[in-house]
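# Give me a 3D structure for the following:
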Amino acid sequence: MSEPTQTFSWQRPGGPWASGMVTAPSVPPLTPPPPDPPRPPGPDGPQRRRRQMMIFAGIAGAILAAGLAVVLVLVLSGEGDAFGRDRAEAPTDVRPPLARACPPPTGVPEAAPSGPPVAAPPAGPRTVDDEAGISYAAYGAPWETWNQVWRAGTLQVPYRKGQHFVTESYSGGQYHASILSAAVPAANNDAVTLDLECVGRQVAADVRAEYYPQPNTMEPLRDALTTLGGRPAWVSKFRLTFSAPGLSATDELSAVAVVDVGKTTAAVLYVSIPGTHRHLDPVVDDVLKSVRPL
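Residues are numbered from 1 along each chain as shown. Modelled structure (predicted):
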């Protein structure tokens, strides 16, 4: 684009009198202003695109570096998931309480004392517990068939089979003599090896802590690895002394047998004879001897 021509007041454009500028001796000649310096040529298209690409690359690199710094801080501090996903929590231990408390032995398990060959069940009525995998002697009056599901204690052993009778009623409810059996999970998955001593002691401790008035004192009578009906078993027999408001019984003879029946569950047999009925104490040993696997 050309620049416009300036017209000054002392110039006469056109006409015969426009031969040049008017000067006077006292007036210096008018010098036209110098032209503007030429502007540097702008970058051509390819140069301009390269410069824009370099700017964009620098911005993207700065953003990427900032993001990597944030990820590194989160990973090292352990306060978040670097990829925005929830961290997987440690799996919950779903093993049964006895399996957690008494893991199976890692070495060769100690063999139970060998007993006599398994004999036929004693003559007379029997209580058959298909779920527990054992049977045992049943008795006449005053014993009655147990027809409830009783879960007591921390281990929540579910007693479904057996016999009982009420020995007295008091302010706390009814007090019972009992011969009850149950199946309790005691191994992991398909494992069938049990730490019988550990399981037996755990069940006996749960019986003492949860089934009887507190506090109480215990007189141990038997704690041994043995066989019942030819199957490995742990037997705990003890007498507890206690007191409760309105309760006539102040002691009880009890036995807990845990029998390995070759399953992930162990058979539990619980026998209790209150001190008010000591004439029935022989039932404890008698019912233990009568146990047979199914």
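# Tell me where the protein has helices.
If DSSP state H is used as the criterion, the helices of the chain fall at 45-77, 97-101, 196-210, 282-289.
# which one of these has the most crowded surroundings?
Stretch with highest mean neighbour count among these: helix 196-210 (a mean of 20; mean count of other CB atoms under 10 Å). Glycine gets a C-beta too; all of them are placed from N, C-alpha and C.
# pLDDT on that helix, on average?
Regarding helix 196-210, the rounded mean pLDDT is 94.
# Who are the packing partners of it?
On a contact count with 3 or more CB pairs under 8 Å, 6 or more residues apart in numbering; DSSP states H and E, helix 196-210 meets helix 97-101, strand 217-228, strand 231-241, strand 251-260, strand 265-274.
# which residues touch residue 98?
By CB atoms under 8 Å, 6 or more residues apart in numbering, residue 98 lies in contact with 155, 184-186, 199, 202-203, 266.
# and with 6 Å instead?
By CB atoms under 6 Å, 6 or more residues apart in numbering, the contact set of residue 98 is 186, 199.
# And for the one 3 residues further on?
For residue 101, the set of contacting residues under the criterion of CB under 6 Å, 6+ apart consists of residue 202.
# any low-confidence regions in the stretch 101-250 of the chain?
Within the stretch 101-250 of the chain, the segments meeting pLDDT under 70 span 104-117, 188-192.
# can you give me the strands in it?
For the stretch 101-250 of the chain, strands defined by DSSP state E, counting those that start in this stretch occupy the ranges 126-129, 134-137, 144-145, 150-152, 157-159, 161-170, 173-185, 217-228, 231-241.
# For residue 270, find the nearest of the ones you listed.
Closest of the strands of the stretch 101-250 of the chain to residue 270 is strand 173-185, at 5.0 Å (criterion: CB to CB).
# List the buried residues in the closest one.
Buried residues in strand 173-185, counting neighbours by 16 or more other CB atoms under 10 Å, are found at 175, 177-184.
# okay, among those, which ones form the most distant pair?
Across the buried residues of strand 173-185, the longest distance by CB to CB is 25.8 Å; it joins 175 and 183.
# So what touches stretch 211-228?
Around stretch 211-228, the neighbours that count as contacts under CB under 6 Å, 6+ apart are 112, 115, 152, 233-242, 244, 259, 291.
# Enumerate the positions of it that are buried.
Buried, per 16+ other CB under 10 Å, within stretch 211-228: 211-212, 216, 218, 226-228.
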